[in-house]
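Asks: structure of the sequence below:
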Amino acid sequence: MRARKQVVMAALGKGKKFVRYEEGAALYSMGITKFKQVAHEAHAVYKVDKIALVNTDKIEAYLETFAEP
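Replies: Residues are numbered from 1 along each chain as shown. Here you go, the predicted structure:
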């Protein structure tokens with residue numbers, strides 16, 4: 001998964017901290033609806049006027065909580 005993320009991040013503009021729902025769904029290989037759900041659960045959504053931006057650092061930390069030992 002790490003290699004795919006690096007490829008997608010390079011395509012999106014290396015080191016993007018905030019992404020829109022469509023970019024995030026592609027980045028994490030999820031559907032848009034599931035990505036929106038995860039982003040809200042992680043408290044990673046920032047509303048700027050009518051644009052929703054998602055903090056990828058918070059998504060990463062949230063997803064790490066699901067890692068199996």
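Asks: pass me the low-pLDDT residue ranges in this protein, would you?
Replies: 1-15 (pLDDT under 70).
Asks: which residue is nearest the middle of it?
Replies: Against the mean C-alpha coordinate of the chain, by C-alpha atoms, centre = their mean, the closest residue is Gly24 at 4.1 Å.
Asks: kindly provide the distance from it to Pro69.
Replies: 27 Å (C-beta to C-beta, to the nearest Å). (C-beta placed from N, C-alpha, C; glycine too.)
Asks: same check on Phe18?
Replies: Applying C-beta to C-beta to Phe18 and Pro69 gives a distance of 31 Å.
Asks: those two: which has the busier surroundings?
Replies: Phe18 (16 against 2; other C-beta atoms under 10 Å).
Asks: grab the nearest non-local neighbour of the more buried one.
Replies: Residue nearest to Phe18 in three dimensions, not counting chain neighbours: Leu53, with 4.2 Å by C-beta to C-beta, 6 or more residues apart in numbering.
Asks: surely the one you found is in a helix?
Replies: No: checked against DSSP: H, G, I helix; E, B strand; the rest coil, Leu53 lies outside a helix; its state is strand.
Asks: I'd like to know how many residues surround it.
Replies: A count of nearby residues for Leu53, using other C-beta under 10 Å, gives 18.
Asks: who touches it in this structure?
Replies: Neighbour list for Leu53: 18-20, 45-47 [criterion: C-beta atoms under 8 Å, 6 or more residues apart in numbering].
Asks: could you rerun that using 10 Å?
Replies: Counting by C-beta atoms under 10 Å, 6 or more residues apart in numbering, Leu53 touches 17-21, 23-24, 39, 44-47.
Asks: which strand residues bridge it?
Replies: Tyr46 (DSSP bridges).
Asks: look up how far Glu68 lies from it.
Replies: Taken as C-beta to C-beta, the span from Leu53 to Glu68 is 30 Å.
Asks: hmm, back to that, surely the residue nearest to the centre of the chain is in contact with Met30?
Replies: Yes: shown here, Gly24 and Met30 form a contact pair, counting by C-beta atoms under 10 Å, at 7.9 Å.
Asks: shared neighbours, these two?
Replies: By C-beta under 10 Å, 6+ apart, Gly24 and Met30 have these common neighbours: 36, 38-39.
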